[in-house]
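> just to be clear, the model below is a prediction. Sequence and coordinates:
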Amino acid sequence: MHELSLASAVVDTVERHADGRRVSVVSLRIGTLRQVVPPSLEFYFDLVGRETVCEDARLEIEVVPAEARCRACGEEWTLAGPVFRCADCGRAGVEILAGEEFDVESIVVIEEEPCIALT
Amino acid sequence: MHRTYVKVAEDVLDANSTIAHANRADFDRAGVAVVNIMSSPGAGKTTLLERTLRDFDAIRVGVLEGDVSTTLDADRIALLDVPVVQINTAPSFGGECHLDANMVRSAIPKLPLDEIDLLLIENVGNLVCPAEFVVGEDHRVMLWSVTEGEDKPLKYPLMFRTCDLVLVTKVDLLPHLNVDLDRFSRHLDMVHPDVPQLHVSSRTGEGIGEWRHWLEHAAVREHVHA
């Protein structure tokens, strides 16, 4: 169900940028902290994209690893699991540098050109 | 026919965030603080609200009830003479499993904002989706009942990471269970270091005073928002 709402939001975002043109590819960047399951998102995207500019469009998903920095000691590391204490000094003030993204990065649209008569 | 690359670089939930900001502005103008209350189904949100709001005169509270369907929860709250509005998510596609900013926006005209200091939003019972959708709240509170298993913070990290307070509910059941609260606290600390916890029982009233005190404090808004 989560991915259904998110897929709808993806289609809404794409529609605003497609300007009525059909879309062939939608590129997403999704951070690992977002709890999004890509195959589920693809399934719902196909469903909610029907009869929109996204019909038959392909999703390209780039998964962004979670990166954190300790505000106290400056240590930076890649999170392997949901642990938000500093891996080095153990303190709590951790800043998330990456991994919370859920962005439509780009789309590819199909331009239908009118036939030009040669004279 | 040719293909054109279009740069978008936009957060998918921007539209929700924009509406949440508008809600926030409306609540700010009315001087109403907002607490978004979330948990799994059956953790005791409505029962806690009943216990909390019965004969609670320190602040004026309104309630927004979110459910997929039925007005059962709102009916229970209305018995306490508390202003309450029910949102059913079922009319939208598929019956959403969470409240989003637009659903809350649609309920604002029905809420007596001038007559309340604090709005409690009881979200749809779900540990995943509500965490993704801000609705214009100042605080997020989540309930974890002692029957749910100590590993929940590790399984649903986003929910536990984005809340400002964890209410451990149904603590009157502890003598009958093998639940290990230290283990729960260790897991919670991994996901959300230093987040405060309150232990409550809606049945015995344990911890309800502290929870009410937290709400009174929340109702005194700082009005400092990004």
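Done, it's in.
> ok, which stretches of chain A are strands?
A:22-31, A:58-64, A:67-70, A:76-78, A:94-98, A:102-111 (DSSP state E).
> convert the C-alpha atoms of stretch B:132-141 to CSV, please.
The C-alpha atoms that make up stretch B:132-141 are tabulated as CSV, following Å, rounded to 0.1, in the frame of the first residue of the first chain:
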residue,chain,number,x,y,z
GLU,B,132,6.4,9.2,5.0
PHE,B,133,3.6,11.8,4.9
VAL,B,134,3.9,15.0,6.9
VAL,B,135,0.5,16.6,7.5
GLY,B,136,1.5,20.0,9.1
GLU,B,137,2.2,18.7,12.6
ASP,B,138,4.5,20.2,15.2
HIS,B,139,5.2,16.9,16.9
ARG,B,140,5.0,13.3,16.2
VAL,B,141,4.2,10.8,18.9
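> buried set for that stretch?
Residues B:Glu132, B:Phe133, B:Val134, B:Val135, B:Gly136, B:Glu137, B:Asp138, B:His139, B:Arg140, B:Val141 are the ones in stretch B:132-141 that count as buried (16 or more other CB atoms under 10 Å in any protein chain shown). In this view, the C-beta of every residue, glycine as well, is placed from N, C-alpha and C.
> do stretch B:48-64 as well
The neighbour-count check on stretch B:48-64 (16+ other CB under 10 Å) flags B:48-53, B:56, B:59-64 as buried.
> among those residues, which ones are in strands?
Short answer: the buried residues of stretch B:48-64 in strands (DSSP E) are B:Val61, B:Gly62, B:Val63, B:Leu64.
> show me what contacts the residue nearest to the second one when sequence neighbours are not counted?
Right, B:Gly62. Excluding its sequence neighbours, the residue lying closest to B:Gly62 (CB to CB, 6 or more residues apart in numbering or on different chains) is B:Ile116, at 4.0 Å. By CB atoms under 8 Å, 6 or more residues apart in numbering or on different chains, the residues touching B:Ile116 are B:Val32, B:Arg60, B:Val61, B:Gly62, B:Pro83.
> rebuild those residues as JSON lines, extending it with pLDDT.
As requested, the contacts of B:Ile116 are exported to JSON lines (pLDDT from 0 to 100):
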{"residue": "B:Val32", "pLDDT": "97"}
{"residue": "B:Arg60", "pLDDT": "96"}
{"residue": "B:Val61", "pLDDT": "97"}
{"residue": "B:Gly62", "pLDDT": "97"}
{"residue": "B:Pro83", "pLDDT": "96"}
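> pick the one among those closest to A:Arg58.
B:Val32 (45.2 Å; CB to CB).
> please tell me I have it right and that closest one contacts B:Leu120.
No. Look at B:Val32 against B:Leu120 with CB atoms under 8 Å: they stay out of range, at 10.7 Å.
> higher neighbour count, those two?
B:Leu120 (27 against 23; other CB atoms under 10 Å in any protein chain shown).
> OK, contacts around the more buried one?
B:Val35, B:Ile37, B:Leu49, B:Val61, B:Gly62, B:Val63, B:Leu64, B:Leu215.
> and the longest helix anywhere in chain B, what does it pack onto?
Longest among the helix segments of chain B by residue count, using DSSP state H, is helix B:14-30. The contact analysis (3 or more CB pairs under 8 Å, 6 or more residues apart in numbering or on different chains; DSSP states H and E) places helix B:14-30 against helix A:2-18, strand B:33-38, helix B:101-107.
> which stretches in chain B count as helices?
Under DSSP H, chain B gives helices at B:14-30, B:45-53, B:72-78, B:101-107, B:152-155, B:157-161, B:181-191, B:208-219.
> how about the residues of chain B near chain A?
B:1-16, B:93-94, B:96-98, B:100, B:126, B:128-129, B:131-133, B:153-154, B:156-158, B:161, B:189-194 (CB under 8 Å from any CB of the partner chain).
> shouldn't A:Glu15 be in contact with A:Val53?
Yes. Using CB under 8 Å, A:Glu15 is in contact with A:Val53, at 5.9 Å.
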